[in-house]
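Visitor: Output the structure for:
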Amino acid sequence: MALIHKILVATDFSGPAVHALDYGAELAVTYSAPLLILHVFTLPVVAVPDGYMTVTAPDAASMTGKLHDGLHRAEARARSLGVAAVEYRLVEGAAWHEIVGMATAEGCDLIVMGTHGRSAVSHFLLGSVAEKVVRKASCPVLTVPPRSSTDHHPRGA
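Guide: Here you go, the predicted structure:
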């Protein structure tokens, strides 16, 4: 009996996230598990003299359209790596909170996500989504470091 029945891969479309998608896809193939690809976004807020201003509805629609396009490409990549069951979700909110919540709501047995390898100072100032997910998730979390030239490339990727 497989220990992994459903895998969530969190993506921000960066190089490390694509590398993590490759690992998640290979695990999904190995365990015959469905793959759920998740991107969490926040609408940009701009400070103005009298307060704050969010993006306009057309700008938000354009932005979410581009994000759906990115998720569709991630889905196609996972399928090209042999994953039979792939779906994706786009949600708005705090990344770590939405990742943990989606994994719980969808019954995921594993979360896979890339790390950016930030310096200690950058990590202290910016925090780490991966660290918060590791601390808060109720299932195992596989963090995948940025790819180096000596890395194993899953399935010839």
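Visitor: can we go C-alpha only for contacts and neighbour counts from here?
Guide: OK.
Visitor: can you pull the alpha-carbon coordinates of stretch 24-31 into CSV?
Guide: Output of stretch 24-31 as CSV, limited to C-alpha atoms (Å, rounded to 0.1, in the frame of the first residue of the first chain):
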residue,chain,number,x,y,z
GLY,A,24,6.6,16.2,-7.5
ALA,A,25,5.8,14.8,-10.9
GLU,A,26,8.3,12.0,-10.6
LEU,A,27,6.9,11.0,-7.2
ALA,A,28,3.3,11.1,-8.6
VAL,A,29,4.4,8.7,-11.3
THR,A,30,6.2,6.5,-8.9
TYR,A,31,3.2,6.3,-6.5
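Visitor: Which strand or helix spans the residue lying closest to Glu98 once chain neighbours are set aside?
Guide: Of all residues not flanking Glu98 in the chain, Val40 sits nearest, at 6.9 Å (CA to CA, 6 or more residues apart in numbering). If you go by DSSP states H and E, Val40 is part of strand 35-41.
Visitor: what sits up against that strand?
Guide: 6-12, 24-25, 28, 67, 71, 74-75, 83, 85-95, 98-99 (CA atoms under 8 Å, 6 or more residues apart in numbering).
Visitor: do the same with stretch 95-109
Guide: The contact list for stretch 95-109, computed with CA under 8 Å, 6+ apart, reads 3-8, 10, 38, 40-41, 91-92, 110-111, 129-130, 132-133, 136-140.
Visitor: Let's see which of those end up in strands.
Guide: Ile7, Leu8, Ala10, Leu38, Val40, Phe41, Val91, Glu92, Leu110, Ile111 (DSSP state E).
Visitor: Which positions in the strand holding Val40 come out as buried?
Guide: Leu35, Leu36, Ile37, Leu38, His39, Val40, Phe41 (16 or more other CA atoms under 10 Å).
Visitor: Show me how far it is from its chain's centre.
Guide: Mean C-alpha position of strand 35-41 versus that of the full chain (CA atoms, centre = their mean, to the nearest Å) differs by 5 Å.
Visitor: Can you report how many residues lie near Leu90?
Guide: 13 (other CA atoms under 10 Å).
Visitor: right, and it touches His68 too?
Guide: Yes. Using CA atoms under 8 Å, Leu90 is in contact with His68, at 7.1 Å.
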